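Peer 1: Attaching a predicted model along with its sequence, questions to come.
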Amino acid sequence: MILGLGAALEITITPSDVGKRVTTRRRVPEGFRDVVGPLEFWRDGVLGVRRRDGSLVEIAESALVAARVVADRPRRM
């Protein structure tokens, strides 16, 4: 039995979402990679997303297969 994913992949972020927390899925040679964090910039066809560990991931627009704005992470006390 083959099961489908059951969800459509959409890119619903735009350059106006800079500063918001986003989740992205992009194509890489090995398959797909996800990154979640604040969208720091979107210029010249490249997005910059800051990971929780502080590293910056640069993503070519052409590699995106899905992306959306997500709620901010709750702060731990």
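Peer 2: Structure's in. What do you need? Since the model is a prediction, treat every value here as computed from it, not as a measurement. Numbering: from 1, shown residues only.

Peer 1: Mind exporting the C-alpha coordinates of the longest strand seen in the chain to CSV?
Peer 2: Longest strand in the chain, counting residues (DSSP state E): strand 31-43. This file holds the C-alpha atoms of strand 31-43, laid out as CSV (Å, rounded to 0.1, in the frame of the first residue of the first chain):
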residue,chain,number,x,y,z
GLY,A,31,17.0,15.4,-1.1
PHE,A,32,15.3,18.1,1.1
ARG,A,33,16.4,20.2,4.1
ASP,A,34,14.2,22.2,6.5
VAL,A,35,15.1,25.3,8.4
VAL,A,36,13.1,27.3,10.9
GLY,A,37,13.9,30.7,12.3
PRO,A,38,13.6,34.4,11.7
LEU,A,39,13.7,35.5,8.1
GLU,A,40,16.6,38.0,8.2
PHE,A,41,16.7,39.1,4.6
TRP,A,42,15.4,38.4,1.1
ARG,A,43,17.4,40.1,-1.6
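
Peer 1: Direction included, what does that strand pair up with?
Peer 2: Here strand 31-43 is paired, per DSSP bridges, with strand 21-28 (antiparallel), strand 46-50 (antiparallel).

Peer 1: wait, which of those is closest to residue 62?
Peer 2: strand 21-28 (8.7 Å; CB to CB). All C-beta spots, glycine's among them, are computed from the backbone N, C-alpha and C.

Peer 1: what's the average pLDDT for that closest one?
Peer 2: Throughout strand 21-28, pLDDT has a mean value of 96.

Peer 1: quick one: buried residues of it?
Peer 2: 21, 22, 24, 25, 26 (16 or more other CB atoms under 10 Å).

Peer 1: roughly how far is the longest strand of the chain from the heart of the chain?
Peer 2: Relative to the chain's own centre, strand 31-43 is displaced by 4 Å; criterion: CA atoms, centre = their mean, to the nearest Å.

Peer 1: Then stretch 56-75?
Peer 2: Counting by CA atoms, centre = their mean, stretch 56-75 comes out at 2 Å from the chain centroid.

Peer 1: circling back to that earlier point, buried stuff in the longest strand of the chain?
Peer 2: Per 16+ other CB under 10 Å, strand 31-43 contains these buried residues: 35, 37, 38, 39, 42.
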